[in-house]
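> model this:
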Amino acid sequence: MSNVELLLAAMQDPINLLRMFYIHRPRPYQEAAIRSIYNSILHQTGDQYTLLFPRQSGKNEVSCMIEFALLMRFSFGDFQIVKAAPSFRPQAVNSLARLKTRFEQAKRLKRFLRHPYPDTLSFRHASAHFVSASRDASQVGLTASLLLECDEAQDVDLDVWDTRFLPMTASTNAVVVYYGTPWTSETLLYREHFSPENHRILVDWETVAESIPAYGDFVRKQIARLTTGSPIIQTQYLNQFLDYNVSPLLTKTAQSRMKGRHDPQREVKPGQRTIMCLDVASTQLIEAAAAPDPRVDSSAAVVFGVKEDEDGTRRYDIIARHGWQLPTQPILVAAVKDLYQRFAPSHILVDVTGLGAGLFLVLEALGLPVLPITITSTVKSRMGFGLIGLAEAGRLRDYRHTPGDPHQAAFWAQVAAAELELLDSRRCKWGVKNQRIHDDQLVAAAMIIEAETLPLRDASSFVIEAHDPLESDF
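Numbers count the residues shown, from 1 in each chain. Predicted coordinates for the structure are as follows:
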């Protein structure tokens with residue numbers, strides 16, 4: 001057979017085509033998805049697919065391989081692929097850049113590639129358009145003659161998709177493919193995945209592990225660390241949709257696992273490794289401490305004893321708590337200094353989002369091992385998901401129930417009142433909405449998530465020398 005005949009034969013099977021020109025060879029679990037979607041397009045079936053892969057297992061590469069094969073197969077006509085993502089930058093741009101790179105890596109094809117517009121990549125006469133599905137973006141004038149793709153469909157607005165994107169297939173009967181990570185039952189991905197007309201392509205992590213053993217090792221470690229009760233594990237690795245948007249932050253099971261039997265401590269034990277987290281009240285500091293009031297924001301400190309398993313997994317036992325309601329800065333500095341001398345933490349994580357910034361500078365000047373934590377929405381999402389994982393896995397335990405301990409009582413009241421609101425597949429909001437209760441003790445406990453990768457050291461004697469900054473003008 002001539003080269004032309006070989007190429008024409010290869011174009012009937014996308015896997016053969018990819019083996020000839022694409023830099024990466026499709027893995028077995030990717031091949032079935034590519035063939036199914038490609039053949040539907042060749043036969044103009046107008047089918048709809050949802051493709052769910054566990055996180056970091058090659059879902060984006062599958063999309064790129066399909067686009068690559070289609071642009072080659074239909075390069076001699078004015079055919080169009082439209083791919084939508086929740087945002088143009090970075091998501092749509094990343095998809096375009098990936099496809100462009102794959103063509104450039106195929107040396108014989110590079111000369112036929114054009115990039116006429118920021119959102120368009122053309123191979124000969126066929127084109128792929130990468131656009132934003134944001135409500136504020138413009139998607140006018142596009143027609144999906146070959147394929148319409150929705151990337152991260154769990155984060156795309158249903159109304160935007162229905163009114164702006166689905167009509168792009170009205171005159172073409174193009175195949176529609178939804179890629180994404182399962183999230184809640186209120187998402188576009190959920191609606192389309194359970195549509196009677198939909199073809200579901202699901203790949204579980206065990207199947208991926210057959211081709212990539214290291215991936216299996218990684219997922220097993222994540223499940224051991226966070227447990228299958230974690231929303232992160234359920235959605236990103238087990239392909240499970242969540243049936244709630246708002247729920248208690250911690251399940252009854254997680255709360256039960258957090259209740260330890262160890263005693264609270266007044267000081268560090270020999271050889272014990274500790275970390276302290278400090279949530280600083282957002283209320284303006286005043287000169288006199290007010291009477292305790294659960295409606296008033298407080299500064300809270302939580303001291304953790306830290307143990308490491310043989311595989312490096314850390315376990316955190318809360319060994320002490322303290323709280324201060326509307327203290328002056330000198331009072332708070334003196335209290336933290338005292339805790340440092342008694343518990344010798346390797347690190348003191350300080351919330352510097354608001355008024356904590358000034359406190360951090362004073363503690364740093366004292367020579368304490370402080371680490372600033374700015375609790376942005378992204379950081380708080382990470383803390384919330386991480387706290388759920390620690391609690392579900394039994395890796396975070398409180399000291400035994402101690403009658404007369406107001407800070408422990410406040411913590412468990414905050415746990416009981418805290419709610420989790422899922423925003424999208426990467427973000428959540430959590431906290432206590434009841435205005436009679438603040439979440440300072442809970443936030444201080446959750447800050448330990450930011451210390452997961454910090455180095456530890458055993459306890460030793462600590463003495464702060466020289467003059468006392470409390471006598472200066474701080």
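> does residue 352 really touch residue 371, like I thought?
No: the criterion here is CB atoms under 8 Å, and residue 352 misses it with residue 371 at 9.5 Å. No exception for glycine: its C-beta is placed from N, CA and C like everyone else's.
> Check which residues of stretch 226-234 are buried.
Residues of stretch 226-234 classed as buried by neighbour count (16 or more other CB atoms under 10 Å): 226-227, 229-234.
> Show me which positions of stretch 84-101 end up buried.
84-86, 88, 91-93, 95-96, 98-100.
> got the residue ranges for the strands in the stretch 251-400 of the chain?
Here the stretch 251-400 of the chain has its strands, by DSSP state E, counting those that start in this stretch, at 273-279, 299-308, 314-324, 348-351, 370-373, 396-397.
> quick one: contacts for residue 352?
280, 360, 372-374 (CB atoms under 8 Å, 6 or more residues apart in numbering).
> quick one, domains of the chain?
3-208, 244-471 (automatic domain parsing).
> Report the rounded mean pLDDT for the longest one.
So that's domain 244-471. Averaged across domain 244-471, pLDDT comes to 88.
> mind checking how far the closest residue to residue 354 other than its chain neighbours is from residue 410?
Spatially, and ignoring its direct neighbours in sequence, residue 354 is nearest to residue 282 (4.9 Å; CB to CB, 6 or more residues apart in numbering). Going from residue 282 to residue 410 by CB to CB, to the nearest Å gives 16 Å.
> Give me the more crowded residue out of those two.
residue 410 (22 against 14; other CB atoms under 10 Å).
> Please tell me I have it right and that one contacts residue 323.
Yes: Residue 410 is within contact range of residue 323, at 6.8 Å (criterion: CB under 8 Å).
> Overlap of the contact sets of these two?
Common neighbours of residue 410 and residue 323 (CB under 8 Å, 6+ apart) are 440-441.
> So, low pLDDT: which residues of the stretch 1-150 of the chain?
1-10 (pLDDT under 70).
> Now do the helices in it.
Ranges of helices in the stretch 1-150 of the chain, per DSSP state H, counting those that start in this stretch, are 3-10, 14-21, 28-42, 59-73, 93-105.
> And for residue 194, the neighbour number?
12.
> er, residue 52 actually
23.
> Tabulate the strands of the stretch 251-400 of the chain (JSON lines), appending distance to residue 425 and mean neighbour count.
Below are these laid out as JSON lines (distance: least, CB to CB, whole Å; neighbours: other CB atoms under 10 Å):
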{"stretch": "strand 273-279", "distance to residue 425": "27", "mean neighbour count": "26"}
{"stretch": "strand 299-308", "distance to residue 425": "30", "mean neighbour count": "23"}
{"stretch": "strand 314-324", "distance to residue 425": "26", "mean neighbour count": "21"}
{"stretch": "strand 348-351", "distance to residue 425": "26", "mean neighbour count": "26"}
{"stretch": "strand 370-373", "distance to residue 425": "24", "mean neighbour count": "20"}
{"stretch": "strand 396-397", "distance to residue 425": "24", "mean neighbour count": "23"}
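> For residue 250, which of those strands is the nearest?
strand 396-397 (10.0 Å; CB to CB).
> partner strands of the closest one, parallel or antiparallel?
Here strand 396-397 is paired, per DSSP bridges, with strand 314-324 (parallel).
> Could you check how far the strand it pairs with is from the centre of its chain?
How far strand 314-324 lies from its chain's middle: 26 Å, per CA atoms, centre = their mean, to the nearest Å.
> just the angle between that strand and strand 299-308, please?
Counting by axes from the mean of the first three to the mean of the last three CA atoms, to 10 degrees, strand 314-324 lies at 160 degrees to strand 299-308.
> then strand 314-324 to PDB, C-alphas only?
Extracted in PDB, the C-alpha atoms of strand 314-324 (Å, rounded to 0.1, in the frame of the first residue of the first chain):
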ATOM      1  CA  ARG A 314       0.200  12.500  60.400                       C
ATOM      2  CA  ARG A 315      -2.200  12.200  63.300                       C
ATOM      3  CA  TYR A 316      -3.200  15.200  65.400                       C
ATOM      4  CA  ASP A 317      -4.300  15.100  69.000                       C
ATOM      5  CA  ILE A 318      -5.600  18.300  70.400                       C
ATOM      6  CA  ILE A 319      -3.800  18.700  73.800                       C
ATOM      7  CA  ALA A 320      -4.700  22.200  74.800                       C
ATOM      8  CA  ARG A 321      -7.100  25.100  73.900                       C
ATOM      9  CA  HIS A 322      -7.300  28.700  75.000                       C
ATOM     10  CA  GLY A 323      -9.500  31.600  74.100                       C
ATOM     11  CA  TRP A 324      -9.500  35.300  74.600                       C
END
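> tilt between that strand and strand 273-279?
Going by the same axes, to 10 degrees, strand 314-324 is angled at 40 degrees with respect to strand 273-279.
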